[in-house]
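In: Dropping a prediction and its sequence here:
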Amino acid sequence: MDDIEADEKRVLELGATVLERTDQLHPEANWRVYADPAGHPFCLCLH
């Protein structure tokens with residue numbers, strides 16, 4: 001994955017919610033934390 005913005009858009013369309021936008025706190029951060037519709041946390045990250 002190299003387009004985290006597009007990936008974020010897709011997971012939000014699928015029902016995820018944002019838990020933490022680490023890039024807003026730390027511009028160098030390459031991950032974001034979400035919860036699936038059941039509340040389980042997961043991350044999207046660039047590698």
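Out: Great, that's in hand.
In: Point out where the chain drops to low pLDDT.
Out: Applying pLDDT under 70 to the chain flags the ranges 1-2.
In: phi, psi of the residue nearest the centre of the chain?
Out: Nearest to the mean C-alpha position of the chain, counting by C-alpha atoms, centre = their mean, stands Arg32 at 3.8 Å. Main-chain dihedrals, Arg32, degrees, to the nearest 10: phi -140, psi 150.
In: so Trp31 makes contact with Leu19?
Out: No: under the criterion of C-beta atoms under 8 Å, Trp31 makes no contact with Leu19, lying 11.3 Å away. Heads up, the C-betas are built off the backbone N, CA and C, glycines and all.
In: about what we covered before: can you pull the contacts of the residue nearest to the centre of the chain?
Out: Neighbour list for Arg32: 4, 8, 18, 20-23, 43-45 [criterion: C-beta atoms under 8 Å, 6 or more residues apart in numbering].
In: Over to Ala16?
Out: Shown in contact with Ala16 (C-beta under 8 Å, 6+ apart): 34-37, 42.
In: among those residues, which two are most distant?
Out: Pro37 and Phe42 (11.4 Å; C-beta to C-beta).
In: Mind listing the residues bridging to the spatially closest residue to Arg21 that is not a sequence neighbour?
Out: Nearest non-adjacent residue to Arg21, counting by C-beta to C-beta, 6 or more residues apart in numbering: Arg32, 5.6 Å away. When bridges are called by DSSP bridges, Arg32 pairs up with Leu44.
In: Would you mind measuring from Arg32 to Thr17?
Out: Look at Arg32 and Thr17: by C-beta to C-beta, to the nearest Å, they are 11 Å apart.
In: With Tyr34 instead?
Out: Per C-beta to C-beta, Tyr34 is found 6 Å from Thr17.
In: Check Cys45 too.
Out: Distance from Cys45 to Thr17, counting by C-beta to C-beta: 17 Å.
In: So which bits of the longest helix belonging to the chain are buried?
Out: As assigned by DSSP state H, the longest helix anywhere in the chain is helix 4-13. Across helix 4-13, burial judged by 16 or more other C-beta atoms under 10 Å covers 8, 11.
In: I appreciate the help and will end here.
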